[in-house]
Each structure stands twice: as C-alpha cells, then as structure tokens.
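# sharing a model prediction with you, sequence too.
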Amino acid sequence: MIDPHLNLEPDDLHNRELAANVHPFDWQNPTPEGRYNLVVLGGGTAGLVAAAGAAGLGARVALVERHLLGGDCLNVGCVPSKAIIRSAHAAHAVASAPAFGIRVTGSIEVDFASVMERMRGIRAGISPHDSARRFSEELGIDVFFGEARFTGADALEVEGAVLRFSKAVIATGARAATPPIPGLPEAGFLTNHNVFNLTEQPKRLAVIGGGPIGCELAQTFARLGTEVTLVETADMFLQREDRDAAEVLKSSMERDGVVVRLSTSLNRVQVAGSEKLLFLTTPAGEETLTVDQILVGVGRTPNIEGLDLEAAGVAHDRSGVKIDDFLRTTNRRIFASGDVCLPYKFTHTADATSRAVIQNALFPGPKKRLSKIVIPWCTYTDPEIAHVGLYPQQAESEGVPVDTWLVAMADVDRAITDGETEGFLKVHCKKGTDTILGATIVGGHAGDLISEITTAMVAGMGLGSFSGVIHPYPTRAEIIRKAADAYNRTKLTPTAATLLKKWFRFKRKH
Ligand SMILES: Cc1cc2nc3c(=O)[nH]c(=O)nc-3n(C[C@H](O)[C@H](O)[C@H](O)COP(=O)(O)OP(=O)(O)OC[C@H]3O[C@@H](n4cnc5c(N)ncnc54)[C@H](O)[C@@H]3O)c2cc1C
C-alpha cells in the first residue's frame with residue numbers, strides 16, 4: 001500500500017514502483033556525523049543536481065526531501081504533463097487524418113484511464129534515476145526524508161537529527177498558488193498537485209489562469225474530449241510571451257474546442273449537486289459557468305514556510321528566497337537554486353543554477369553569475385511557443401534599439417509539406433548589427449529549434465553566420481537560415497548593388 005501522505009493515486013503497480021524509488025516506505029534516515037561540505041534542502045531538480053554534482057566531485061553531501069525525490073518535474077510537472085500531451089497529440093492526429101488523405105472509419109475513442117495509466121508507467125519508468133537508493137548507494141549521499149528547518153546559521157534539523165554544514169543550498173521549489181476565491185476551497189479544485197491522479201475524465205473543465213501550465217493542460221484536456229473553458233483575467237493569455245505568438249496559439253486552441261474567456265474574472269464558486277457553478281465577470285457582464293472540475297493554474301508560491309529562514313539569517317519576500325548574482329543568500333554559507341528563488345521556473349533553469357551553485361559554493365576562483373546564464377523556454381502547446389533572451393520592449397527599455405527579422409512558417413517548405421504553416425520566427429538583433437538579443441519561435445518543434453539560436457547566443461555567433469550553415473532540406477530549421485539571409489540581404493549597400501550590376505553587364509558582353 002502507498003502511504004496516503006504521498007498523494008499518489010491510484011494505488012497501482014506504477015505508483016508503487018514510483019513510491020518505492022522516490023520515497024521508499026522502509027527508508028531509515030542515516031545518522032549524521034560531523035560537518036557536511038554541502039547540505040541540500042529539497043530533492044527536486046535543483047536539489048538533485050546540486051547533490052549529485054557536489055558528491056561526484058568528492059564532497060560530503062546530505063540531501064533532505066520531505067515528499068518525493070524528483071520534485072515537481074518528475075512527479076507532478078514536466079514528465080506527467082508531457083506524457084499526456086503526447087496522448088492528446090495522438091488523438092488530434094487521428095482526428096485530423098482526413099486532411100492528409102487518410103480515411104478513419106468508425107468512431108475515435110479516447111480511453112482516458114489508459115492515457116493516465118500510460119503516463120504513470122512512464123513516470124515510474126524514469127524514477128530510478130531520481131531514486132533514494134541511487135543517490136544513497138551509487139552517489140554516496142546521505143539521504144534524509146523529512147521536513148528541513150534551520151536551527152542556526154550553519155545547522156538544520158530534520159526528523160530530530162541535526163545536520164551541520166559548511167555550505168547549504170535551499171532548493172525547496174514552489175507550489176501552485178491558490179487564489180482567495182470565495183467557495184473555491186469548499187467546491188474542491190485541481191492543481192498540478194492532484195490533476196495527474198485523475199482516472200476519470202472530467203466532462204466539463206474550467207481552467208483558471210492562462211499561464212504555460214493552464215494553456216498546456218487546457219488544450220490537452222480539450223483534445224482528449226473534455227469541454228474546456230479557459231478563464232483569464234488579462235486581455236490575453238501567456239502574459240510574458242510575444243503577443244503575436246499568443247494570438248496564433250489562441251486560434252489553435254479555439255479550433256481544438258477550448259472556449260477562451262479573456263478579461264474575465266472568477267468571483268465565486270458554488271456547489272450544486274455534483275456540479276460546480278462559477279460566477280464570472282466578463283466584458284459582457286455577469287455570467288455563470290457550470291463545470292464538473294476546476295483546474296487552478298494562477299502562478300507559483302515559493303516553498304519557504306517552515307524553513308525558519310530567520311534562524312539562518314536568510315532574507316526572503318513573497319517571491320521567495322532573496323539571492324545575489326552569485327546565487328548567494330544573505331547568509332554567505334547558504335545559496336539558493338531553482339523555483340524557490342528564480343522568476344524563471346523551469347527544470348533546465350533549476351539545473352543550470354545548481355551547477356553554478358556547486359562552482360560558487362564549493363570552490364575558490366571565478367564565480368558563475370546568474371545574469372550571464374542564457375535561458376530558453378518553451379510552452380508545449382500545439383503550436384509550441386519557444387523563446388530565448390530579450391523581447392524587443394525589454395531591450396528598448398534597457399536603451400538598446402532593436403531590429404527584428406521575421407520569417408513566417410508558411411515560407412518554410414517542410415512546414416508546408418507537414419500542413420503546419422501557422423507560426424513564425426522572430427529574431428531580435430541589436431539595431432544595425434547581427435548580434436542576437438533574443439528570439440521567439442512559434443510552430444511545431446519550436447522547443448527543439450530554439451536551441452540552435454541559444455547556442456549561437458552563448459557562442460557569440462551573429463545571425464548573419466547562419467547563412468553559411470548548411471541545414472538539411474527540407475527541415476523546419478531552415479527558418480533560421482532564412483532569417484539570416486534576410487539580414488545579409490540588407491548588407492548589400494546601394495554602391496555594392498550598383499557595382500554588381502555593372503559586373504554582370506560586363507560579363508554578358510565578354
Ligand atoms: C504542470 C507543470 C509542468 C511543467 N512543465 C515543465 C516543462 O515542460 N519544462 C520545464 O523546464 N519546466 C516545467 N515545469 C516547471 C518545473 O517542474 C520546475 O521548474 C522544476 O521542478 C523546479 O525544480 P526545483 O528543484 O526548483 O523545485 P521542485 O521540483 O519543486 O522541488 C523542490 C523539492 O523540495 C521539497 N521541499 C520543499 N520544502 C521542503 C522542506 N522544508 N524540507 C525538505 N524538502 C522540502 C519538495 O517536496 C520538492 O520535492 C512544469 C511545472 C508544472 C507544475
């Protein structure tokens with residue numbers, strides 16, 4: 001049986017395998033001896049990367065996790081969401097097969113229970129990598145299960161044991177923020193914490209909040225056959241993203257059947273039998289929406305309560321643990337990494353910042369700066385929206401004028417043959433140069449394509465250089481070379497153009 005405190009439902013073989021790896025029921029915490037080089041609070045991506053990296057270099061490391069090793073990413077975030085997104089893609093591919101000349105006879109049925117079981121199997125299959133035994137037996141880390149709480153500037157307590165440290169890293173992550181909406185707690189609602197426990201498909205689902213998590217799950221549930229309404233208070237979802245990109249996604253989600261309610265706020269929830277009534281204020285007035293389930297995705301709250309940060313002299317505010325550019329907190333022994341301290345809450349950022357913490361906390365010499373890390377990201381909707389670096393308005397607010405190079409997916413042969421011509425690439429360069437400041441890609445595989453631009457930014461390679469990079473034909477990546485060609489064409493000055501014309505006129509005569 002799975003410990004009910006682990007919030008892993010249903011109690012099946014997959015979840016038992018997961019629990020056995022990431023929180024074994026018979027785990028005995030070790031007895032701490034002496035001072036650790038590094039104590040890591042939290043066993044999500046940030047904590048695991050910091051612990052494994054430091055131990056791999058020979059440091060004595062303790063890792064404390066109160067719930068499930070692997071944190072949000074493995075258990076209630078990236079892995080389960082991407083697994084069900086894949087099923088939704090499959091459903092969409094079958095539904096859109098006639099457009100490709102494929103006749104589907106008979107009805108298409110989504111077996112929601114099987115979709116979720118597949119997800120649980122994938123999650124359990126990945127879990128040995130984050131397992132307590134791997135970290136303890138293979139990597140030699142002292143793994144403690146329990147709630148970590150600082151008792152001083154260089155010590156913390158877990159399950160009655162005192163862990164003393166030279167350095168510590170706070171990697172306790174974040175959780176779904178819950179808005180103070182009257183009636184919502186009584187009605188009950190889903191967040192990323194429990195939505196992946198579902199085994200029965202909601203017929204009607206309200207998704208509150210149009211951030212990346214809300215958009216990904218709204219489209220996924222819609223493609224799996226749920227009637228989805230997405231409620232967003234702002235006048236467009238994906239607030240941080242390029243507006244044109246969000247518009248492309250809005251059209252796609254509406255085609256999938258998602259009812260997108262923008263500039264709409266949820267005021268109150270009421271239960272009526274098995275249904276939930278949502279009282280909304282919309283631009284057209286007051287409305288009531290009736291659903292079976294509510295999924296809340298309105299932002300993330302850092303996990304800092306109960307850490308007794310005051311005892312350690314670690315400053316914090318509503319957005320989490322305060323850090324400097326070297327990921328150091330106000331206690332010079334203590335660093336922070338991942339969602340608990342960063343505005344960019346992604347697995348790869350948690351990974352990158354923990355690698356920097358290992359260098360900055362454990363070694364003398366040059367330190368890694370947060371401000372130098374180039375962070376790409378992707379929202380895994382269809383089409384995907386990927387971004388890296390600055391948006392033009394950010395650059396301009398920093399006094400850096402921008403040229404934007406725009407190529408439509410409709411100009412890329414592979415996108416045309418695939419029937420996926422929606423979307424675009426925008427590359428933002430420092431005005432008059434090919435220095436890349438940022439880029440947004442909207443379209444299939446955008447999350448993979450953005451890496452090419454990220455690599456260029458890290459390597460200091462200008463946009464123009466992509467013209468000399470051969471891209472296999474036909475691939476979506478040609479969109480980047482096309483942007484480079486567009487840039488290089490502007491380098492042809494009127495004088496050069498006149499000279500070239502004269503040259504070819506001469507060659508025609510001789
Ligand atoms: C639905 C969803 C989908 C996502 N998809 C993606 C994606 O596709 N790509 C991507 O890059 N990111 C994605 N993310 C974000 C990603 O999951 C997080 O950015 C990442 O997990 C952050 O890692 P972390 O280690 O900082 O925090 P967490 O993963 O939250 O880990 C923190 C750990 O600390 C533990 N902890 C907290 N307090 C204490 C304490 N006092 N004592 C001991 N332990 C404690 C917690 O139990 C937790 O295990 C997604 C998130 C969600 C919710």
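That came through fine. Numbers count the residues shown, from 1 in each chain.

# closest point of the stretch 301-450 of the chain to the ligand, which residue?
Of all residues in the stretch 301-450 of the chain, G338 sits closest to the ligand, at 2.2 Å by Cβ to the nearest ligand atom. (Glycine included, C-beta is placed from N, CA and C.)

# burial count for that residue?
37 (other Cβ atoms under 10 Å).

# that one reaches A46, doesn't it?
Yes: between G338 and A46 there is a contact under Cβ atoms under 8 Å: 2.9 Å.

# hey, what's in contact with both of those two?
Common contact partners of G338 and A46 (Cβ atoms under 8 Å, 6 or more residues apart in numbering): 171, 173, 350, 353-354.

# among the residues you listed, name the ones in helices.
Among those, the members found in helices (DSSP state H) are 350, 353-354.

# of these, which are in range of the ligand?
A350 (Cβ under 6 Å from any ligand atom).

# quick one: the ones in helices among the shared contacts of G338 and A46 as CSV, columns for pLDDT too.
Output for those, formatted as CSV (pLDDT from 0 to 100):
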residue, pLDDT
A350, 98
T353, 98
S354, 98
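
# show me which of the ones in helices among the shared contacts of G338 and A46 is closest to A50.
Set against A50, the nearest of those by Cβ to Cβ is S354 (4.1 Å).

# burial measure for the closest one, as a count.
The local packing of S354 (other Cβ under 10 Å) involves 28 other residues.

# cool, and A222?
What A222 shows, counting by other Cβ under 10 Å, is a neighbour count of 25.

# tell me the secondary structure at it.
The three-state label given to A222 by DSSP: H, G, I helix; E, B strand; the rest coil is helix.

# OK, contacts around it?
Counted by Cβ under 8 Å, 6+ apart, A222 has contacts 228, 253, 256-258.

# roughly how far apart are it and T264?
18 Å (Cβ to Cβ, to the nearest Å).

# ramachandran coordinates for the residue nearest the centre of the chain?
With distances taken as Cα atoms, centre = their mean, the chain has F346 as the residue nearest its mean C-alpha position (4.2 Å). Torsion angles at F346 (phi, psi; degrees, to the nearest 10) stand at phi -140, psi 160.

# ok, the nearest residue to it once chain neighbours are set aside - contacts?
With sequence-adjacent residues excluded and distances taken as Cβ to Cβ, 6 or more residues apart in numbering, F346 is closest to W377, at 5.5 Å. When contacts are counted by Cβ under 8 Å, 6+ apart, W377 touches 344, 346, 348, 386-388.

# ok, I385 next?
Contacts of I385 (Cβ under 8 Å, 6+ apart): 238, 241-242, 245-246, 248-249, 378-379, 440-442, 446.

# next one: G297
Contacts of G297 by Cβ under 8 Å, 6+ apart are 176, 191-192, 207-209, 211, 213-214, 217.

# where does it land on pLDDT?
Looking at G297, its pLDDT stands at 96.

# tell me how far it lies from H316.
Using Cβ to Cβ, G297 is found at 24 Å from H316.

# what about the lowest-mean-pLDDT helix or strand in the chain, distance to the chain center?
Here the helix or strand of the chain ranked lowest by mean pLDDT, DSSP states H and E is helix 494-509, holding a mean of 88. Mean-position distance between helix 494-509 and its chain equals 52 Å (Cα atoms, centre = their mean, to the nearest Å).

# same thing with stretch 370-379?
11 Å.

# list the contacts for the nearest residue to D418 once chain neighbours are set aside?
Once flanking residues are discounted, D418 sits nearest to G444: 6.8 Å by Cβ to Cβ, 6+ apart. When contacts are counted by Cβ under 8 Å, 6+ apart, G444 touches 382-384, 415, 418, 420, 423, 476.

# number of residues surrounding the residue in the stretch 1-150 of the chain that the ligand sits nearest to?
Going by Cβ to the nearest ligand atom, the ligand is nearest to G44 of the stretch 1-150 of the chain, at 2.0 Å. Residues contacting G44 under the criterion other Cβ under 10 Å number 31.

# then D256?
D256, neighbours per other Cβ under 10 Å, totals 19.

# how about N267, secondary structure?
strand.

# returning to that earlier point: sort out for me which of the contacts of W377 are in strands.
Judged by DSSP state E, the contacts of W377 include 386-388 as members of strands.

# what does the protein have sitting close to the ligand?
The chain comes close to the ligand at residues 41-47, 64-68, 71-73, 77-78, 81-82, 147-148, 171-174, 192, 213, 303, 306-307, 338-339, 345-348, 350, 380, as judged by Cβ under 6 Å from any ligand atom.

# try 5 Å this time
Counting by Cβ under 5 Å from any ligand atom, the residues of the chain close to the ligand are 42, 44-46, 64-67, 71-73, 77-78, 81, 147-148, 172-173, 192, 213, 303, 338-339, 345-347, 350.

# the helix or strand harbouring L163: what's the following helix or strand?
L163 is located in strand 161-170, with elements delineated by DSSP states H and E. Per DSSP H and E, the first helix or strand lying C-terminal to strand 161-170 is strand 174-176.

# what lies in contact with that following strand?
Contacts of strand 174-176 (Cβ under 8 Å, 6+ apart): 72, 191-193, 296-303, 320, 339-340, 345.

# ok, now with 7 Å
191-193, 296-297, 300-303, 339-340, 345 (Cβ atoms under 7 Å, 6 or more residues apart in numbering).

# can you tell me which of these has the most neighbours?
D339 leads the contacts of strand 174-176 on contacts (other Cβ under 10 Å) with 32 neighbours.

# just give the closest residue to that one, not the sequence neighbours.
A174 (4.0 Å).

# for that neighbour, give the beta-bridge partners.
For A174, the beta-bridge partners are P302 (DSSP bridges).

# where along the stretch 51-200 of the chain do the helices fall?
71-76, 78-95, 112-126, 132-133, 184-187 (DSSP state H, counting those that start in this stretch).

# centre of the chain to the shortest one, how far?
Taking the mean of its C-alpha atoms, helix 132-133 sits 26 Å from the chain's own mean (Cα atoms, centre = their mean).

# what's the answer for stretch 485-492, then?
Chain-centre distance of stretch 485-492: 35 Å, with Cα atoms, centre = their mean.

# format the ones in strands among the contacts of W377 as a markdown table; extra columns: neighbour count and distance to D292.
Formatted as a markdown table, the ones in strands among the contacts of W377 follow (neighbours: other Cβ atoms under 10 Å; distance: Cβ to Cβ, whole Å):
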| residue | neighbour count | distance to D292 |
| --- | --- | --- |
| A386 | 27 | 33 |
| H387 | 24 | 34 |
| V388 | 25 | 39 |
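
# can you pull the contacts of the residue of the stretch 101-250 of the chain found nearest the ligand?
When scored by Cβ to the nearest ligand atom, the stretch 101-250 of the chain has G173 as its residue closest to the ligand, at 2.1 Å. By Cβ under 7 Å, 6+ apart, the contact set of G173 is 42, 44, 71-72, 303, 338-340.
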